[in-house]
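Undergrad: Need a 3D model of the following:
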Amino acid sequence: MKLLVPAFAVVALMTAPAAARDSDAQIRQKIIKQSIANYSGACPCPYNTARNGSRCGKRSAYSRPGGASPKCFASDVSASEVAAYRSGR
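TA: The predicted structure follows:
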């Protein structure tokens, strides 16, 4: 017995938004990348490199209390943020 897939189902899968096809881990990485890109300074995250070539470490915005709070690690991105990204909000 052959299984027939309606053409509209195939088209719907092919045209699904990329965010809907991405895994949670991929979306978390995209959110982190956007967060770092939106930071205006040189040291958003501890693993970034300062202008002088040294590692940012504890000088990073992430490591300092108050002020900017960039997302640097997957654990910084909540499930609700992933859902909002996926829905396009």
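
Undergrad: Flag every buried residue along the longest helix belonging to the chain.
TA: The residue-count maximum for a helix in the chain (DSSP state H) belongs to helix 24-38. Buried residues in helix 24-38, defined by neighbour count with 16 or more other CB atoms under 10 Å: 27-28, 30-32, 35-36. (Each C-beta comes from the backbone N, C-alpha and C, glycine too.)

Undergrad: What of stretch 74-87?
TA: Using 16+ other CB under 10 Å as the test for burial, stretch 74-87 gives 76-77, 82, 85.

Undergrad: want to throw these into a markdown table with pLDDT?
TA: A markdown table is the format used below for the buried residues of stretch 74-87 (pLDDT from 0 to 100):
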| residue | pLDDT |
| --- | --- |
| Asp76 | 97 |
| Val77 | 98 |
| Val82 | 97 |
| Tyr85 | 96 |
